[in-house]
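Undergrad: task: produce atomic coordinates for the following.
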Amino acid sequence: DADGIFSQARFYRPQGLALDPSTPLPDGSPATSLRAGAGLLYVADTENHQVRVIDFQARAVHTLDIARLNSPWDLALKTGILIVAMAGPHQIWVIDLLHDQAYPYAGTGEEERRDGAVGEAAFAQPSGLAIDRDTLFVADAESNTIRSVALPPSNLVTTVAGGNLFDFGDRDGAGDYARLQHPLGIAMYDGRVVIAD
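TA: Next up is the predicted model:
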């Protein structure tokens with residue numbers, strides 16, 4: 001890995017992105033600001049075990065000054081908090097961007113599908129994230145499921161669809177009847193959750 005201007009920066013198997021075009025031009029349009037070169041793109045630099053920041057205005061890359069992570073696969077952004085799908089320890093972490101601190105938010109670190117409060121729930125290689133208001137959706141790859149995390153104040157993990165660690169396949173249907181096989185990507189589109197299975 002190497003920080004620096006665009007021509008010097010280096011990554012090692014980057015997996016996920018979160019765009020924050022929050023440096024608006026005087027007209028207040030984030031989209032215009034991004035076209036004009038403002039805004040930040042956060043990158044889950046998986047094999048470097050770091051989160052990197054692409055600064056379009058400075059045309060440079062730098063590494064977040066936080067404790068070393070463990071296989072960050074995807075990112076989601078919610079008002080000053082960067083949410084990280086941490087595939088290595090089977091957890092969802094948060095990075096407080098204001099204070100440059102990273103810590104586990106959901107998952108015990110055990111590799112399994114277990115719903116419940118964020119401190120008791122378990123994931124199996126969370127690999128993709130999408131956020132919709134106060135709900136985080138997770139492509140939980142090894143458990144072959146899509147999970148939802150009700151963000152604070154609820155802090156509750158539930159399974160939306162899929163099987164389990166050794167219960168996978170290709171079957172349409174509702175909830176636990178559906179079967180997925182190693183879903184990696186997830187996105188919100190028109191109020192629906194779209195899955196790369």
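
Undergrad: ok, residue 132 - contacts?
TA: 188, 191, 193 (Cβ atoms under 8 Å, 6 or more residues apart in numbering). All C-beta atoms are positioned from the backbone trio N, CA, C, and that covers glycine.

Undergrad: could you pull out the helices for the chain?
TA: 30-35 (DSSP state H).

Undergrad: any weak-confidence spans in it?
TA: 21, 23-38 (pLDDT under 70).

Undergrad: ok so, going back, return the member of the contacts of residue 132 nearest to residue 178.
TA: Nearest to residue 178, judged by Cβ to Cβ, of the contacts of residue 132 is residue 193 at 12.0 Å.

Undergrad: what about the closest residue to that closest one other than its chain neighbours, neighbour count?
TA: Distances taken as Cβ to Cβ, 6 or more residues apart in numbering put residue 137 closest to residue 193, at 5.3 Å, once the chain neighbours are dropped. The tally of other residues near residue 137 (other Cβ atoms under 10 Å) stands at 22.

Undergrad: kindly state the beta-bridge partners for residue 137.
TA: residue 130, residue 148 (DSSP bridges).

Undergrad: surely it and residue 126 touch.
TA: No. Assessed by Cβ atoms under 8 Å, residue 137 is found out of contact with residue 126, at 10.5 Å.

Undergrad: can you count the residues close to the closest residue to residue 157 other than its chain neighbours?
TA: Nearest in space to residue 157, with sequence neighbours left out and distances taken as Cβ to Cβ, 6+ apart, is residue 121 at 3.7 Å. For residue 121, the neighbour count with other Cβ under 10 Å is 24.

Undergrad: ok, now which ones touch residue 121?
TA: Here residue 121 is in contact with 106-108, 114-115, 157 (criterion: Cβ under 8 Å, 6+ apart).

Undergrad: tabulate those (CSV), appending neighbour count and distance to residue 64.
TA: As requested, these are exported to CSV (neighbours: other Cβ atoms under 10 Å; distance: Cβ to Cβ, whole Å):
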residue, neighbour count, distance to residue 64
106, 27, 20
107, 28, 21
108, 18, 25
114, 15, 30
115, 14, 30
157, 26, 25
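
Undergrad: now the contacts of residue 132: which count as buried?
TA: With neighbours counted by 16 or more other Cβ atoms under 10 Å, the contacts of residue 132 contain buried members at residue 193.

Undergrad: out of the contacts of residue 132, which one sits closest to residue 173?
TA: Distance to residue 173, by Cβ to Cβ, is smallest for residue 193 among those, at 15.0 Å.

Undergrad: ok, the closest one - contacts?
TA: 130, 132, 137, 146, 160, 186-187.

Undergrad: rerun at 10 Å
TA: 130, 132, 135, 137, 139, 146, 148, 160-161, 186-187 (Cβ atoms under 10 Å, 6 or more residues apart in numbering).

Undergrad: ranking those residues by neighbours, who comes first?
TA: Result: residue 139 is most packed of the contacts of residue 193 (other Cβ under 10 Å), 30 neighbours.
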